[in-house]
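> only the shape, not the letters, is given here:
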């Protein structure tokens, strides 16, 4: 099968791959590039575990064709910590016991990051709405919501 | 968080330094950075993908299987049928001597539930495996199926599983697990009121975000490393060893990181066939359930039916309890004989009842095999029991919490299955619940203790 070239930045680094046409971004990231932080939970756009950020927007990588991402800037949870220092959201998830099995965590953090980037001081309802596309089957939603609110507060304190 | 250390203060040294203190979880840093390695995060060059051909019928005889077109399909490396599996008929609890072996890794001559694995296709890509699986031709002769436990137990019902010969699990105690304590009929005869109620539940799917699966890599020295999300590592290793007729020292299982299990990943389903595929092809093999398979194929919690008949006195004492429990195992045993047995010990609840009669049946039907899920054998029973307790309290016009104080088991009481009660603490839990929920009870109940009878 003829291969298609794709080129984008992943967490600030240039990436280029030849892929089969029709390959999902999730598959390209995990199996071609080796970033396994986005997870495949349903491969049909319902669980949110594969969430990534493409040019500032929250996207489901299992429903995004890799070949549509040429020139894009892609962010995943594996790229959030800088120099060994956790991102405030990662810190807040850690401190709030907002992880259990951890499988939904990278997608949750992506959804939360897009929310805080666009709405630095969200209400609880806005947090719930922003996370509504991400399923946690350990049913730990409450600490996750608290973690996002805590991260928002620590961001605003840092900005002040 | 408030720690109440006044309860049972004389029973322990006051050295509970860890309780009430937050401690970081050792796995959280990996979770929040995306570094935690789940089984599917492994990738090996030359890895094959396994897809299963499944039965479209609830109950059918297989008259023929034609894999010739699938074998020729571009990208297909190997197609496996029952004859390729060294020890094809197995049952997971055989490790603790609970037989008979009653389930096939790949169907041999018959299918007993819709979705049963029939043929395994291994190909270079997931897509090729999926497309080739659709090229496998299986001819079925459809048989009558039974989906209801009561229908299955009637004479003349279609036999679901010939390895059992009848549609219930044969315990050493007979057609059901039995508990006999006191004289239940005498208890009913002396009771002020009798209440008989039936409670039923449907199967429940765990629906973990990470689907069931494994990746197997041949190591080149006749050993195989199996990366898996099983919740039962050594249980799976030992069963794989039996099914593959391969010594355990040839199998290296790597796991423990599970993206949600809840009991749904304790069956031995994906590993043996994936290891067999790796052995017969010499290539790494990935077998991962699709979301549809996770929801339709993986074992759910069993459907249950619980019939409870209680005799109660106007003063609140339960004097007799008769329970008949039915656990729907589906087509195969898996963990269900154990779950049904647990129910037998559990149905008296945390209550001291002098006359008890319990029968629990593990029933076979042509439904998806059920298995473990969070307190299986007990959870649905608890729902039924506590609803029944509320109904009994209402029947005699008593506060439901006070009604439970009257019947709560206390240290020294003999349970119906002949285990003396020790360290009960139920009275104290209910006293604390009464305070926390602001649901006051009479002072005499607040003065009760799990230690001492009387009061």
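Good, I have the coordinates. Remember, it's a predicted structure, so these values are computed and weren't measured experimentally. Residues are numbered from 1 along each chain as shown, chains lettered A, B, ... in the order given.
> distance of the closest residue to residue B:370 other than its chain neighbours from chain A?
Among residues not flanking residue B:370 along the chain, residue B:302 sits closest, at 3.6 Å (Cβ to Cβ, 6 or more residues apart in numbering or on different chains). Every residue, glycine included, has its C-beta placed from N, CA and C. Here residue B:302 is placed at a distance of 20 Å from chain A (Cβ to the nearest Cβ, to the nearest Å).
> report the contact partners of residue B:302.
Contact analysis of residue B:302 by Cβ atoms under 8 Å, 6 or more residues apart in numbering or on different chains lists B:203, B:327, B:328, B:329, B:330, B:336, B:339, B:370, B:371, B:376.
> can you name the residues that contact the residue of the stretch 151-300 of chain B found nearest chain A?
Nearest residue of the stretch 151-300 of chain B to chain A (Cβ to the nearest Cβ) works out as residue B:259 at 3.1 Å. By Cβ under 8 Å, 6+ apart, the contact list for residue B:259 reads A:39, A:41, A:101, A:102, A:103, B:38, B:208, B:209, B:210, B:229.
> please apply the same query to residue B:400.
Contacts of residue B:400 by Cβ under 8 Å, 6+ apart are B:389, B:390, B:393, B:394.
> got the contact list for the first one?
I take that to be residue B:389. Residue B:389 touches B:349, B:351, B:400, B:403, B:404, B:407, counting by Cβ under 8 Å, 6+ apart.
> what is the nearest of those residues to residue B:84?
Closest approach between the contacts of residue B:389 and residue B:84, by Cβ to Cβ: residue B:349, at 48.6 Å.
> near chain B, which residues of chain A?
For chain A, the residues found near chain B under the criterion Cβ under 8 Å from any Cβ of the partner chain are A:30-31, A:34-44, A:46-47, A:49, A:76-78, A:80-81, A:86, A:89-90, A:93-94, A:97, A:99, A:101-106, A:109, A:135-138.
> so which of those belong to helices?
A:89, A:90, A:93, A:94, A:105, A:106, A:109 (DSSP state H).
> tabulate the residues you listed (JSON lines), appending neighbour count and pLDDT.
Compiled in JSON lines, these are given as follows (neighbours: other Cβ atoms under 10 Å in any protein chain shown; pLDDT from 0 to 100):
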{"residue": "A:89", "neighbour count": "26", "pLDDT": "97"}
{"residue": "A:90", "neighbour count": "25", "pLDDT": "97"}
{"residue": "A:93", "neighbour count": "30", "pLDDT": "96"}
{"residue": "A:94", "neighbour count": "19", "pLDDT": "95"}
{"residue": "A:105", "neighbour count": "30", "pLDDT": "98"}
{"residue": "A:106", "neighbour count": "30", "pLDDT": "98"}
{"residue": "A:109", "neighbour count": "31", "pLDDT": "98"}
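> which pair of those residues spans the longest distance?
A:94 and A:106 (13.4 Å).
> domain-wise, how is the chain divided?
As the question left the chain open, I've gone with chain A. For chain A, the structural domains run A:3-79, A:88-159, going by automatic domain parsing.
> the chain in question should be chain B.
B:45-143+B:207-296, B:177-204+B:300-446.
> how about the ones you listed in TSV, adding mean pLDDT?
Formatted as TSV, the domains of chain B follow (pLDDT from 0 to 100):
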stretch	mean pLDDT
domain B:45-143+B:207-296	97
domain B:177-204+B:300-446	97
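> filter the residues of chain A next to chain B down to the buried ones.
The neighbour count (16 or more other Cβ atoms under 10 Å in any protein chain shown) marks A:30-31, A:35-43, A:47, A:49, A:76-78, A:80-81, A:86, A:89-90, A:93-94, A:97, A:99, A:101-106, A:109, A:135-138 as buried among the residues of chain A next to chain B.
> let me know the distance separating residue A:53 from chain B.
On the measure of Cβ to the nearest Cβ, residue A:53 and chain B end up 13 Å apart.
> tell me who's in contact with that residue.
A:59, A:74, A:75, A:76, A:110, A:113, A:114.
> surely the first one is in a strand?
If I follow you right, that is residue A:59. Yes. Under DSSP: H, G, I helix; E, B strand; the rest coil, residue A:59 sits within a strand.
> who touches it in this structure?
With the criterion set at Cβ under 8 Å, 6+ apart, residue A:59 makes contact with A:25, A:51, A:52, A:53.
> filter the residues you listed down to the buried ones.
Buried among these by 16+ other Cβ under 10 Å: A:25, A:51, A:52, A:53.
> is the last one in a helix, a strand, or coil?
Per three-state DSSP, the local secondary structure of residue A:53 is strand.
> who's the closest spatial neighbour of it, skipping the chain neighbours?
residue A:75 is the one closest to residue A:53 (Cβ to Cβ, 6+ apart), at 4.0 Å.
> any idea how far that neighbour is from chain B?
From residue A:75 to chain B the distance is 11 Å (Cβ to the nearest Cβ).
> looks like that residue contacts residue A:11 (just checking).
Yes. Here residue A:75 reaches residue A:11: they are 6.0 Å apart, a contact under Cβ atoms under 8 Å.
> of these two, who's got more company?
residue A:75 (20 against 17; other Cβ atoms under 10 Å in any protein chain shown).
> closest one of the contacts of residue B:389 to residue B:8?
Using Cβ to Cβ, residue B:404 is the member of the contacts of residue B:389 that lies nearest residue B:8, at 19.9 Å.
> run a quick neighbour tally on residue B:225.
19.
> look up phi and psi at the nearest residue to residue B:349 once chain neighbours are set aside.
In space, and not counting its chain neighbours, residue B:349 is closest to residue B:385: 4.5 Å by Cβ to Cβ, 6+ apart. Phi and psi for residue B:385, reported as degrees, to the nearest 10, are phi -60, psi -40.
> distance check, residue B:385 against residue B:374.
Going from residue B:385 to residue B:374 by Cβ to Cβ, to the nearest Å gives 17 Å.
> what helix or strand is the nearest residue to residue B:230 once chain neighbours are set aside on?
The shortest distance from residue B:230 to any non-neighbouring residue, by Cβ to Cβ, 6+ apart, is to residue B:236 (4.5 Å). In this assignment (DSSP states H and E), residue B:236 forms part of helix B:233-244.
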